[in-house]
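Colleague: mind folding the following:
(one chain, ligands or ions: 2)
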Amino acid sequence: MDPHLELHTPIPGFLLANERTESFFEQIPVIDFTDIVSTNHRKRRDLADKIRDACINGTFLAESLSGLSHGFHQSAFSTPRIIPFLKVLWQMQSPQRETSLGSPLTPSLRYAGLFNLLSDLISFVRSRRCFLHSSSTSTRARTSKATQRFSVGENTNPEGRGDLHEGFDIGWEESGDGPMAGVNVWPRDADVPGFRDRVLEYYQAAVKFGQSLFPLFALALDLPENFFDDKTTKPAAIMRLLHYPPQEPAIDDDGRIIGIGAHTDYECFTILWQDAAGGLQVQNADGKWIDAVPIPGTFVINLGDQFARWTNDIFKSTVHRVTNRSGRERYSMPLFFGTDYDVLLEPLPSCISPGQTPKYEIVTAGEYVQSRLAETYAHSKGD
Ligand SMILES: O=C(O)CCC(=O)C(=O)O
Ligand SMILES: [Fe+2]
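Modeller: Ligands and ions are numbered 1, 2, ... in the order given. Here you go, the predicted structure:
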């Protein structure tokens with residue numbers, strides 16, 4: 001072999017590692033996605049380069065999605081039309097929620113349907129609501145007793161005392177096999193007419209958008225654009241419709257209850273729509289919390305742990321949290337996008353140099369997600 005050629009053959013692991021430009025960003029970068037549908041490879045490459053720079057820091061905002069042919073743009077701007085349905089859902093008192101959804105929900109492998117605030121938080125928030133909307137103490141007492149029947153709530157940061165949000169989870173409509181198989185649990189149409197159709201319309205468009213991101217992430221990692229195709233034949237695509245009641249200082253006396261505790265997401269990336277209330281923060285490499293200020297027409301794209309594992313931490317999973325101090329209700333819709341659950345999360349050849357030890361234990365995507373879900377719901381074991 002020509003010795004010069006050998007000298008100039010890049011060592012893949014070093015290539016990406018050397019290109020790291022981790023920065024203490026003070027603002028989340030906004031990336032224009034006009035070229036996502038471009039047939040010009042150079043333009044797609046340029047977009048992928050911007051994505052790579054952002055992924056090294058863990059997060060970015062995607063804007064200008066109007067070029068997407070599959071109508072994501074249109075659906076994206078119809079997201080606020082889902083909010084009135086959510087209001088109906090979350091104003092239902094607990095017994096009605098149970099009836100509407102067929103059975104009380106308990107955590108299972110696949111989380112679907114409504115999950116509630118932890119019971120002590122429900123009592124607090126509901127009693128406050130009743131106090132605001134009705135001065136009757138008996139109503140308050142009754143509500144609080146009814147809500148105690150629910151105990152499925154989240155505690156995203158195990159050091160916290162519970163998250164001040166409630167939500168509704170959906171995944172693929174058809175149930176399948178595999179570790180996270182399950183069916184969606186919809187409320188009765190009579191209770192929230194049109195809810196299912198409106199949510200599915202957005203979900204399907206957002207899933208297509210997520211699928212179109214994988215080739216760009218592959219390019220960003222110097223891989224062929226189709227690299228993820230056989231790893232995302234049935235990609236994990238869990239969507240949550242979240243409601244954060246306004247947080248008052250009284251609920252946070254020891255600082256351990258916030259809208260959603262500091263955490264990283266479990267999958268490859270998250271496509272997040274948020275309303276104008278604000279409150280989402282991401283942590284930069286310096287440990288400083290940076291506000292993800294809502295910008296109409298943009299989506300927050302956070303990196304998740306699966307990409308951190310694939311890239312041996314060259315792409316960072318975004319540490320983020322939410323505190324809703326806007327004084328009004330907050331709504332958001334994250335869609336968590338991962339690989340097929342049987343795919344092994346092992347460092348890509350371009351991200352690890354020969355002989356380097358992977359930072360993380362090699363497990364399948366499904367095993368990893370299950371272990372994180374078990375942590376989030378650990379407090380509800382034995383309820
Ligand atoms: O509501 C948000 O803005 C963030 C939600 C989130 O981080 C999550 O559900 O994992
Ligand atoms: Fe998250």
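
Colleague: tell me, how many residues neighbour whichever residue of the chain sits closest to ligand 1?
Modeller: Going by Cβ to the nearest ligand atom, ligand 1 is nearest to residue 332 of the chain, at 3.4 Å. Any C-beta I mention is one placed from the backbone N, CA and C, and that applies to glycine too. Number of residues near residue 332 (other Cβ atoms under 10 Å) recorded here: 25.

Colleague: with the one 4 residues further on instead?
Modeller: Counted with other Cβ under 10 Å, the neighbours of residue 336 add up to 25.

Colleague: what do you get for residue 288?
Modeller: By other Cβ under 10 Å, neighbour count at residue 288 equals 12.

Colleague: check what pLDDT residue 175 gets.
Modeller: We have a pLDDT of 60 for residue 175.

Colleague: let me fix that, I meant to ask about residue 315.
Modeller: 92.

Colleague: can I assume it sits in a strand?
Modeller: No: residue state for residue 315 (DSSP: H, G, I helix; E, B strand; the rest coil) corresponds to coil; a strand is not indicated.

Colleague: close enough to count as contact, it and residue 57?
Modeller: No: with contacts counted by Cβ atoms under 8 Å, residue 315 stays clear of residue 57, the gap being 9.3 Å.

Colleague: so what's the backbone phi/psi at residue 90?
Modeller: phi -80, psi -10 (degrees, to the nearest 10).

Colleague: give the contact list for it.
Modeller: 166, 243 (Cβ atoms under 8 Å, 6 or more residues apart in numbering).

Colleague: one step back: which of residue 315 and residue 57 has more neighbours?
Modeller: residue 315 (28 against 22).

Colleague: just to revisit the earlier point, quick one: common contacting residues for residue 315 and residue 57?
Modeller: With Cβ under 8 Å, 6+ apart as the test, residue 315 and residue 57 reach no residue in common.

Colleague: quick check: phi and psi on residue 26?
Modeller: Torsion angles, degrees, to the nearest 10, at residue 26: phi -110, psi -10.

Colleague: what of residue 43?
Modeller: The phi/psi pair for residue 43 (degrees, to the nearest 10) is phi -70, psi -40.

Colleague: what about the spatially closest residue to it that is not a sequence neighbour, how many residues close to it?
Modeller: Excluding the flanking residues, the one nearest residue 43 by Cβ to Cβ, 6 or more residues apart in numbering is residue 35, at 4.2 Å. By the criterion of other Cβ under 10 Å, residue 35 has 19 neighbours.

Colleague: quick one, longest helix in the protein?
Modeller: helix 195-220 (DSSP state H).

Colleague: touching ligand 1 at all, the following helix or strand past that helix?
Modeller: With elements assigned by DSSP states H and E, the helix or strand that comes after helix 195-220 is strand 237-244. Yes: using Cβ under 6 Å from any ligand atom, we find that strand 237-244 touches ligand 1 at 240, 242.

Colleague: follow-up on the earlier one: okay, and the beta partners of the residue of the chain closest to ligand 1?
Modeller: residue 242, residue 274 (DSSP bridges).

Colleague: what's the answer for the one 5 residues further on, then?
Modeller: According to DSSP bridges, residue 237, residue 269 are recorded as the beta-bridge partners of residue 337.

Colleague: give me every residue that touches it.
Modeller: If you count contacts by Cβ under 8 Å, 6+ apart, residue 337 has them with 207, 210, 213, 235-237, 267-271.

Colleague: around ligand 1, which positions in this protein sit nearby?
Modeller: 240, 242, 260, 265, 272, 274, 280, 320, 322, 332, 334.

Colleague: in ChimeraX, select just the buried ones from those.
Modeller: Selecting only the buried entries of those in ChimeraX, with 16 or more other Cβ atoms under 10 Å as the criterion:
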select :240,242,260,265,272,274,280,320,322,332,334
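
Colleague: nearest to residue 227, of the residues of the chain next to ligand 1?
Modeller: residue 265 (21.2 Å; Cβ to Cβ).
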